[in-house]
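[1] predicted model and sequence follow; I will ask about them next.
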Amino acid sequence: MYHELASAHQCGSRSIHDMAKRQARQDVIRHMVEPFKAACVIGWPVAHSRSPMIHNHWISQLGLDAEYRREGVPPEQFADFVSHLAERGYVGANVTVPHKEVALRLADADARAQAVGAANTLWFERGVLKATNTDVEGFIGNLDASAPGWDHELRTAVVLGAGGSARAIVFGLIERGIARIYIANRSVERAKALRDQFGKAIDPRPFGEANQLLGEAGLLVNTTTLGMSGQPPLPLDLDRLPASATVADIVYSPLETALLAAARRRGLRAVGGLGMLLHQAVGGFERWFGMRPQVTDELRALVEADLLPK
């Protein structure tokens, strides 16, 4: 009996040892087939970016041999940095302020980036540097996840602001078939520029008329800095909104803006800006590393904790 147990133990040990050897060989083969990859976020400044936290979380979760870094690049050095992106060891990059418009001109940009007028994601296809703007899918993906059915029978939206984020959001809303989009902005001329770009679905208005527009709005979106930490609040009366309306704020510092708090008090669906930050990161990660990551509660909690006042 002893000899049988000893033999079984030895067989078990050999089996475990053989499994370990096979796993080691598989790891070597995988790394030969899938070499180390690096991506980065390029900005000036860039120390505040949460992108490394997001992407490195996914890299760890998926067990990839990869890394995501920050690259602080001043404007006068940006074109040279991007033109040598591959030589610097990068398979792609995110682009943040103040480089998004320049990035658009330096790469082969898709229809979304061209329509928005800015690129925030770069990657290579057959050696060609490509560009897109994932703010579009980030905004729409966040709405779909946080307020399912938000676009059901939605005909009218009110968008506050007419900057780059507003252009990305308007592009996404038009793709979803929203028939009328009011753009309320301090400079009506900038709002009119969006009508010139996107067509008759856009109705430009001065910011002072925003309250008057809420009565028919199924969706209200704030793309301005109003309500952000250290900025004045939004002067809006949400009681004018229909009970079925959705309110979205792309601001994520603070996590709960006064606009979102007011929407929740009214029983409206409120969608914060952190989700847009998380969802816009998915497309770049998939292009660089070949796997589509998930925006999970664990990731959201990780970034939320980092955003809380220290």
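    Noted; the coordinates are in hand.

[2] going by C-alpha atoms from here, please, whenever you check contacts or count neighbours.
    Fine.

[3] quickly note the distance from the residue nearest to Ala243 when sequence neighbours are not counted to Ala93.
    If the residues on either side of it in the chain are set aside, Ala243 comes closest to Leu268, at 6.4 Å by CA to CA, 6 or more residues apart in numbering. As judged by CA to CA, to the nearest Å, Leu268 and Ala93 stand 37 Å apart.

[4] before we move on, what about Pro204?
    Pro204 is 34 Å from Ala93, by CA to CA.

[5] more neighbours, the two?
    The neighbour comparison of Pro204 against Ala93 (other CA atoms under 10 Å) goes to Ala93, with 26 against 23.

[6] helix or strand for that one, just tell me which one.
    Ala93 belongs to strand 92-95 when assigned by DSSP states H and E.

[7] now for that strand, which elements pack on it?
    Using 3 or more CA pairs under 8 Å, 6 or more residues apart in numbering; DSSP states H and E as the contact test, the elements touching strand 92-95 are strand 37-43, strand 121-125, helix 274-289.

[8] what's the angle from the longest one to strand 37-43?
    Read that as helix 274-289. Inter-element angle recorded for helix 274-289 and strand 37-43: 140 degrees (by axes from the mean of the first three to the mean of the last three CA atoms, to 10 degrees).

[9] who does helix 274-289 touch, helix- and strand-wise?
    Using 3+ CA pairs under 8 Å, 6+ apart, helix 274-289 is in contact with helix 51-62, strand 92-95, strand 121-125, helix 135-146, helix 297-307.

[10] in TSV, list the ones you listed along with mean pLDDT and distance to Ala248.
    As requested, these are exported to TSV (pLDDT from 0 to 100; distance: least, CA to CA, whole Å):
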stretch	mean pLDDT	distance to Ala248
helix 51-62	98	21
strand 92-95	98	24
strand 121-125	98	23
helix 135-146	96	8
helix 297-307	96	17
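
[11] can you lay out the ones you listed as a markdown table showing distance to Gly172?
    Converted to a markdown table, those look like this (distance: least, CA to CA, whole Å):
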| stretch | distance to Gly172 |
| --- | --- |
| helix 51-62 | 22 |
| strand 92-95 | 20 |
| strand 121-125 | 17 |
| helix 135-146 | 5 |
| helix 297-307 | 23 |
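
[12] just name the most buried of the ones you listed.
    Each of the helices and strands packed on helix 274-289 was scored by mean neighbour count; the highest is strand 92-95, a mean of 26, by mean count of other CA atoms under 10 Å.

[13] chain center to the helix or strand just after that strand, what's the gap?
    Going down the chain from strand 92-95, the next helix or strand is helix 100-106, by DSSP H and E. Computed by CA atoms, centre = their mean, to the nearest Å, the chain-centroid distance of helix 100-106 equals 18 Å.

[14] and helix 100-106, what does it pack onto?
    helix 75-83.

[15] buried set for the helix it packs on?
    Phe78, Ala79, Phe81, Val82 (16 or more other CA atoms under 10 Å).
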